[in-house]
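S.K.: Return atomic coordinates for the entry below.
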Amino acid sequence: MEAAAELDEASLRGQADVWKYMLGFADSMALRSAVELRIPDIIHSHGRALTLSEIASSFDSASPSPDISCLARIMRLLVRRNIFTAHHDGEDSEKTGLYGLTHSSRWLLHDSELTLTPMVLMETNPTLLAPWHYFSQCVKQRGPYAFERAHGSDIWQFFSENLKFNRLFNDGMACTAKITMKAILAGYKGGFEDVATLVDVGGGTGSAVAEIVKAYPSVKGINFDLPHVVATAPLYHGVSHVGGDMFDEGSIPKADAIFMKWVMHDWSDSDCVKIFKNCRNVIPERTGKVIIVDVILEPNGVGMFDDTGLVFDLLMIAHTSGGKERTESEWKKMLEQAGFPRLKIIKIPALMLIIEAYRV
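M.R.: Next comes the predicted model:
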């Protein structure tokens, strides 16, 4: 009887898990609604916890008659998810409940220097969610990739033809870049001290290498990306912009070190090997290094970001043409094929880690 009861409980728990994962999108949509309504900003601007009526009264003028009951139900879930705090002083929580910020919701402030708000709006956008509905077709038949199945082109072509989504993507990448660069400069102690010339391959408009040069003024920074990307790059002290294609041999400028932040996960293993070989050819044999900032998957890990890493790997299926997140052994195999027999992994306070790759 006891064994049967345990089996029944396990089965019931299994059913509960399926319901949880089936409806997991509700967390994302509730989070998006809070960002769109600027609820974290409203609470932050008052400097104290607020009632739902106080929050609603701060909505923009396009919301003359907000539905407090609907807001209460959304906030109830977000409180359970620890996005907000709630203190109820009486039976009528809609009238007397006070809602405050948590460490999580402080990452959702629009005007904060470090914010994930643009990334929330990007990843929960209906257009960018559409490719997720094609996973089973991608499994059944290789190619085209999920994004192309959903929108008729790969993500880069789509963004080049849709300025609204290109801006959405750029904003999302910019906010994560700020967060990651702060973690790199805090956790990668002395990593650039022996570098005279640093090339940021796939550096976009150059903000990352500019931050490095600012922290290490002796470093000569070169921002390298496609010509149409660097054409719009602003001027930064100590940074020059060079246009080219990292897949073209001899296109990457010579340097003491190559820096690549969140670039390689967009590409297949064979593409990455080609890029790494081109990097290898432009750095000194004994002292040169490639500094890779990317996710390292821990499929059975219990670390703070290990679960997120696995989700990002599926995000690569949805948004890229063959890109993927990789385990340590996959990184090592790929780098060895490109002529980097030695690597060093450095943890930083972020989703990503640093991989130093050496020619000898």
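
S.K.: Can I take it that Ile354 is in a strand?
M.R.: Yes. Assigned with DSSP: H, G, I helix; E, B strand; the rest coil, Ile354 falls within a strand.

S.K.: isn't it right up against Ile346?
M.R.: Yes. Using C-beta atoms under 8 Å, Ile354 makes contact with Ile346 at a distance of 4.2 Å. C-betas here are computed from N, CA, C, even on glycine.

S.K.: intersection of neighbour lists for the two?
M.R.: Common contacts of Ile354 and Ile346, defined by C-beta atoms under 8 Å, 6 or more residues apart in numbering, comprise 187-188, 191.

S.K.: any residues touching stretch 170-186, and which ones?
M.R.: 113-119, 121-123, 191, 204, 207-208, 211-212, 215, 261-262, 293, 348-352, 354.

S.K.: Could I have the buried ones of these as PyMOL selection syntax?
M.R.: The buried residues among the contacts of stretch 170-186 can be selected in PyMOL (16 or more other C-beta atoms under 10 Å) with this line:
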select buried, resi 115+116+117+118+119+121+122+123+191+204+207+208+211+212+261+262+293+348+350+351+352+354
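
S.K.: What about the contacts of stretch 170-186, which are in helices?
M.R.: Among these, the members falling in helices (DSSP state H) are 117-119, 121-123, 207-208, 211-212, 215.

S.K.: can I get those residues in a markdown table with pLDDT and distance to Glu161?
M.R.: Shown next, in a markdown table, are the ones in helices among the contacts of stretch 170-186 (pLDDT from 0 to 100; distance: C-beta to C-beta, whole Å):
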| residue | pLDDT | distance to Glu161 |
| --- | --- | --- |
| Thr117 | 97 | 25 |
| Pro118 | 95 | 21 |
| Met119 | 96 | 22 |
| Leu121 | 97 | 20 |
| Met122 | 96 | 17 |
| Glu123 | 97 | 20 |
| Ser207 | 90 | 25 |
| Ala208 | 93 | 26 |
| Glu211 | 95 | 31 |
| Ile212 | 96 | 33 |
| Ala215 | 95 | 37 |
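
S.K.: Name the nearest of those residues relative to Gly152.
M.R.: Met122 (20.0 Å; C-beta to C-beta).

S.K.: Check the contact between that closest one and Leu168; I expect there is one.
M.R.: Yes. Between Met122 and Leu168 there is a contact under C-beta under 8 Å: 5.2 Å.

S.K.: what about the helices in the stretch 151-300 of the chain?
M.R.: 155-161, 163-187, 207-215, 227-230, 269-280 (DSSP state H, counting those that start in this stretch).

S.K.: Could you tell me the angle between the third one and helix 163-187?
M.R.: The reference is to helix 207-215. Put simply, helix 207-215 runs at 30 degrees to helix 163-187, going by axes from the mean of the first three to the mean of the last three C-alpha atoms, to 10 degrees.

S.K.: Run through who's touching helix 207-215.
M.R.: Contact with helix 207-215 is made by 174, 177-178, 181, 184-185, 192, 198, 200, 203, 219-223, 236-239, 259, 261, as judged by C-beta under 8 Å, 6+ apart.

S.K.: Give me the most central residue, the protein.
M.R.: Closest to where the C-alpha atoms of the chain average out (C-alpha atoms, centre = their mean) is Thr176, at 5.7 Å.

S.K.: what's the closest non-adjacent residue to His151?
M.R.: Closest residue to His151 apart from its sequence neighbours, by C-beta to C-beta, 6 or more residues apart in numbering: Phe158 at 5.4 Å.
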